[in-house]
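> what's the 3D shape of this:
(chains A and B)
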There are 2 protein chains.
Amino acid sequence: MFSVGCEDDATRARAGVLETRHGKVRTPCFMPVATRGFVKTLSAEELERIKAEAIISNALLLYMKPGAEVIAEAGGIHRFMSFEGTIFTDSGGFQVLRREFSPRFTRHGIAFRSPFDGSRHVLTPELCIALQETLGSDVAVQLDDCPPYGAEGERYRESVRRTLEWAEASLQAKTREDLLLFGVVQGGTDPELRRLCTRRLAEMGFDGYCLGGLSVGEPREVMMEMVELSVSMLPESMPRYLMGVGSPVEVLEAVARGVDVFDSAFPTRNARHGAVYTWHGKYSITKARNLHIHEPLEPGCTCPACRRYSRAYISHLMRCNEPLGKRLVSLHNLHFMQELMRRARDAISRGEFNEYLSRVREIFRR
Amino acid sequence: MFSVGCEDDATRARAGVLETRHGKVRTPCFMPVATRGFVKTLSAEELERIKAEAIISNALLLYMKPGAEVIAEAGGIHRFMSFEGTIFTDSGGFQVLRREFSPRFTRHGIAFRSPFDGSRHVLTPELCIALQETLGSDVAVQLDDCPPYGAEGERYRESVRRTLEWAEASLQAKTREDLLLFGVVQGGTDPELRRLCTRRLAEMGFDGYCLGGLSVGEPREVMMEMVELSVSMLPESMPRYLMGVGSPVEVLEAVARGVDVFDSAFPTRNARHGAVYTWHGKYSITKARNLHIHEPLEPGCTCPACRRYSRAYISHLMRCNEPLGKRLVSLHNLHFMQELMRRARDAISRGEFNEYLSRVREIFRR
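Residues are numbered from 1 along each chain as shown, chains lettered A, B, ... in the order given. The predicted structure is shown next:
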C-alpha cells in the first residue's frame, strides 16, 4: 500500500504513493484538518478543487459530536462529509488529555468527561479502533499517551510504556482488512525513550508510523533531532507521518529528514486571521493598504480565490469579518500547501530537494 | 427598459423583464441582499449557481467601508465583487436614520457620524446619486426620509415633503444615461400622504418606483393596503419595487397586488439561524432529530446544498456553529426564493396566480 518512487540524492527526502481504499495519495503530502468532520469554512467541492488527496479527522471528537452512530447510519465518514478522497482519523488521544476533558488514566485507557454535555466516558485502545472502523476511516491511528511539553522524566517513561501497551492492543483489536493502522512514537525529547519506542513499534509491524508528541513547544532543532532519530530506525518501506506540523519551512525540513505525511491546522488558522501564504512570503490581508491592490492575493496563482477575487475585495471581506473572506484565504493557503508539496515531489524526482528547501527557507525568512 | 410580458387574469400580478446595463432581470424577482458588497456567507460563483439575476447593495455603507474610491479604482462594484448580474444600490437613507448614525436633518440632507470611525458626513440627494454613479450601480434609488414606525403625523408629512424635494434633486443630479433611477414612495400608513407622494413621484417620471417605509412594524393588512393604493396610481409601464419584503407569503401577496421587485435579508438571516424553507413549510435544521435524516434538506431540490449534502451533515455543521452550515442553508433558502419567483412567473403566464398563492399560503400556514 505504500511505495517509494524515488529518493533525493543529497537528503533523506523521498517521493512515493500511499494507496488506501479511497485512492492514491502522493507523498510527501500535507493534509488539511477536518477535526469535526469539516475543514473550517470549506466545502467538500472546495477540497476537491484544491486537489486535496487526503484529509484528517478526529475519531474522539466525532464520537462525541455528532456521535459514531450518526456517521455509521450515513454510511461512513466519506458519505457523511461527501468527500471521496482518503480520510485519516486521529484517535483523539492528544485532545482527550487536555484539561477541559478532565482526563484520568485507568487500567485500560483514559476516563474523561465530555466538555459538550458533561457525560462520562472511557477511551481505550480497543474502543478507538472500533470507533475508527465504524467511522469508515481509511487510515486509523492508535490511541497514544501524549504528555504536555515540559512534563517530568517519569511522565515520559510512563507515556512510552502506555503507548506501547496500547499499540499492541490496537493491532489485536483491528478487524477490518482494508483499514491501515499507524502506530505513534512517543518519548518527548529524550533520545533514549524515542529510540525505545520507535524500535518496539517497528517490531510490532504497523502500516505506517506517526511521530507524535512533537511540535508541542520544544525548539525546532530538538524536534528535528527526534525526527531524524525515529526515521533512521523505521522501515524504509513504510510511510512516516509527523503529526501537527505545520509551517511551510518546518514541513520541508522534515521532508528532508524522510517524513512523508503531514497535517496541521496552521495554514487555515493563519488564513482565518488574515495571513496569506505566497511564493514571496507571508503578508496580512487585513491591512488597509490591500484595499488599493486590485490584483489576486498572489498574481499567477491558480487557486479558486485568486482566479476570481482581488486582494482589495478579500481585504474588505476580512475587515468586515465576513466568513467568505476567511474561506477565500483558507482556500488560497491550502492550495499553497498543496503546491508546496507538489514542488517538493518534483524537486525530489530531479534530485534537487536541498536547493528547493533553501529557496523556501529564504522566502519565509523575510 | 421594462416590459410587461403578461398579466394574470384574476389578480394584478404581472410578469415582465427589466433590462439594465448588466442584462435581463425577469420579474417578479427577489433580490438577495449584499449590503456591504457581499451576500453574507456566499461567493459570486454561488450567486450565479442559484441564478440570481439581480442583487442589491447599499451606497452609504460602501461609501463608509471600504470607501467609494476603492470601488471606483476596482472598476466599479461589479468588478469589485466579481458579480456580472444586475446590481441595485439603495441610497442608505433607511440606514442613516438609525440611532447609531446620530442623524440630524440639515437644509440639504442628513448629517451623521460614521459608527465605524466617528467621522462626520452629510448625505445629500446629490451626493447619493454621485455615489451610486461612482459605484457603477445599474439601478439607483433616490435618498428618501423613512421615519420609524409609529412616529407622529407631522413627522410623516415632513418625510413626504423632504422625500419629494430630494426626488427632484436626484433626478437633476443624475448624469449617467445608462443608470436607472427609482423614486421612493413614503407616507407611512396614511392613505392621503401615500397618495400625494405617489402622484407627485409619478409626475416626475422615474425609471421605477420603490414602495418605501413599509414592513417596518405595521400590520400586514395595512402594508398591503398601502401597496394597493400606490400601485393603482403608478404607471403600468414602470417597475414597482417593495423594499425589505420578505417572507415567501408576503412577497407573493404583493405580487398579486402588482409589485415586480423585492429584496430582503430575511431568507438568509433565517438560514443563518437554521430555518430551512421547503415546499412543505419551514423547519429548524438545528434540532437533533435532523442528525438521523440522511437525505437532502429537501428531497428533489436542485440547489447546490441539496445536490451534495445531507440534512444530517448540515445539522451537524450548524450545531458546531460552522460557517459552511450557514452557507449551505443560505444557498438553499435563496434557491427556494428564486424557485418561488420562477413558479410565480409561470403561474402568471398560465393565469393561475391565485391558485399558486393559495398553495403557498397553505404551505407556510402550518
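
> Just give me how far stretch A:316-328 sits from the chain centre.
25 Å (Cα atoms, centre = their mean, to the nearest Å).

> Give me the contacts around it.
Residues outside stretch A:316-328 that contact it (Cβ atoms under 8 Å, 6 or more residues apart in numbering or on different chains): A:40-42, A:46, A:271-272, A:274, A:285-286, A:288, A:291, A:297, A:304-305, A:309, A:314-315, A:329, B:36-38, B:40-43, B:65-66, B:70, B:80, B:323, B:326-327. All C-beta spots, glycine's among them, are computed from the backbone N, C-alpha and C.

> Which of the residues you listed fall in helices?
A:46, A:271-272, A:304-305, A:314-315, A:329, B:70, B:80, B:323, B:326-327 (DSSP state H).

> Just name the closest of these to residue A:207, please.
Closest to residue A:207 out of these is residue A:46 (29.1 Å), distances taken as Cβ to Cβ.

> The ones in helices among the contacts of stretch A:316-328, buried ones only, as a ChimeraX selection?
Buried subset of the ones in helices among the contacts of stretch A:316-328, written as a ChimeraX selection, criterion 16 or more other Cβ atoms under 10 Å in any protein chain shown:
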select /A:46,271,272,304,305,314,315,329 /B:70,80,323,326,327
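
> Checking residue A:268 next. Helix, strand or coil?
helix (DSSP: H, G, I helix; E, B strand; the rest coil).

> How about it, nearest residue that isn't a chain neighbour?
residue A:330 (4.7 Å; Cβ to Cβ, 6 or more residues apart in numbering or on different chains).

> Residue A:39 too?
The spatial neighbour of residue A:39 that comes closest, neighbours along the chain excluded (Cβ to Cβ, 6+ apart), is residue A:32 at 4.7 Å.

> Chain B versus the residue nearest to residue A:268, what's the distance?
For residue A:330, the distance to chain B equals 10 Å [Cβ to the nearest Cβ, to the nearest Å].

> So that residue sits against residue A:42, correct?
Yes - counting by Cβ atoms under 8 Å, residue A:42 is a contact partner of residue A:330 at 5.9 Å.

> any weak-confidence spans in chain A?
A:366 (pLDDT under 70).

> ok, so what distance separates the residue lying farthest from the centre of chain A from residue A:313?
Here chain A reaches farthest from its C-alpha mean at residue A:292, the gap being 35.9 Å by Cα atoms, centre = their mean. Distance of residue A:292 to residue A:313, computed by Cβ to Cβ, to the nearest Å: 12 Å.

> what sits opposite the spatially most central residue of chain A in the beta ladder?
Central residue of chain A (Cα atoms, centre = their mean): residue A:263, 1.7 Å from the mean position. The residues listed as beta-bridge partners of residue A:263 by DSSP bridges are residue A:31, residue A:245.

> Surely it and residue A:34 touch.
No - with contact defined as Cβ under 8 Å, residue A:263 does not reach residue A:34; the gap is 9.7 Å.

> which neighbours do the two share?
residue A:56.

> in stretch A:216-225, what counts as buried?
Neighbour-count burial for stretch A:216-225 flags A:216, A:218, A:223, A:224, A:225 (criterion: 16+ other Cβ under 10 Å).

> Is the closest residue to residue A:142 other than its chain neighbours in a helix, a strand, or coil?
Among residues not flanking residue A:142 along the chain, residue A:170 sits closest, at 3.9 Å (Cβ to Cβ, 6+ apart). State at residue A:170, reduced to three classes by three-state DSSP: helix.

> what sits against residue A:170?
Per Cβ under 8 Å, 6+ apart, neighbours of residue A:170: A:125, A:126, A:128, A:129, A:142, A:143, A:181, A:183.

> Looks to me like the second one is in a helix.
Yes - secondary structure assignment places residue A:126 in a helix (three-state DSSP).

> Is it in contact with residue A:173, as I believe?
Yes - counting by Cβ under 8 Å, residue A:126 does reach residue A:173; the two are 4.3 Å apart.

> what's the distance between stretch A:48-68 and the middle of its chain?
Remark: stretch A:48-68 is offset 11 Å from the chain centroid, using Cα atoms, centre = their mean.

> how long is that stretch from one end to the other?
Start and end residues of stretch A:48-68 are separated by 25 Å (Cα to Cα, to the nearest Å).

> Surely residue A:26 is within a strand?
Yes - per three-state DSSP, residue A:26 lies within a strand segment.

> Any idea how many residues pack against it?
Counted with other Cβ atoms under 10 Å in any protein chain shown, residues neighbouring residue A:26 total 17.

> hang on, isn't it packed against residue A:17?
Yes - here residue A:26 reaches residue A:17: they are 5.8 Å apart, a contact under Cβ under 8 Å.

> How is residue A:254 assigned, secondary-structure-wise?
Once three-state DSSP is applied, residue A:254 turns out helix.

> Relative to chain B, how far out is it?
In this view, residue A:254 and chain B are 30 Å apart by Cβ to the nearest Cβ.

> Show the contacting residues for that residue.
A:224, A:227, A:242, A:245, A:262 are the contacts of residue A:254 under Cβ under 8 Å, 6+ apart.

> which bits of the stretch 251-366 of chain A sit near chain B?
Residues of the stretch 251-366 of chain A lying close to chain B (Cβ under 8 Å from any Cβ of the partner chain) are A:291-292, A:294, A:308-310, A:312-313, A:315-317, A:319-320, A:322-324, A:326-328.

> Tell me how chain A divides into domains.
A:2-261, A:265-366 (automatic domain parsing).

> Which residue does chain A have closest to chain B?
residue A:323 (3.9 Å; Cβ to the nearest Cβ).

> Spatially nearest residue to residue A:115, not counting backbone neighbours?
residue A:100 (4.5 Å).

> Test my guess that the one you found contacts residue A:116.
No - counting by Cβ under 8 Å, residue A:100 does not reach residue A:116; the two are 10.0 Å apart.

> Let me see the ranges of the strands in the stretch 201-350 of chain A.
Along the stretch 201-350 of chain A, the segments classed as strands by DSSP state E, counting those that start in this stretch run A:208-211, A:240-242, A:261-263, A:275-278, A:281-284.

> Residues contacting the second one, please?
It stands for strand A:240-242. Strand A:240-242 is contacted from outside by A:182, A:208-211, A:214-215, A:227, A:230-231, A:234, A:254, A:258-263, using Cβ under 8 Å, 6+ apart.

> Okay, now the sheet partners of it, with direction.
Sheet pairing of strand A:240-242 (DSSP bridges) gives strand A:208-211 (parallel), strand A:261-263 (parallel).

> hmm, who's touching the longest one?
Just to be clear, that refers to strand A:208-211. If you take Cβ under 8 Å, 6+ apart as the criterion, strand A:208-211 is touched by A:2, A:18, A:139, A:141, A:144, A:180, A:182-185, A:198, A:201-202, A:226-227, A:230, A:234, A:238-243, A:259, A:261.
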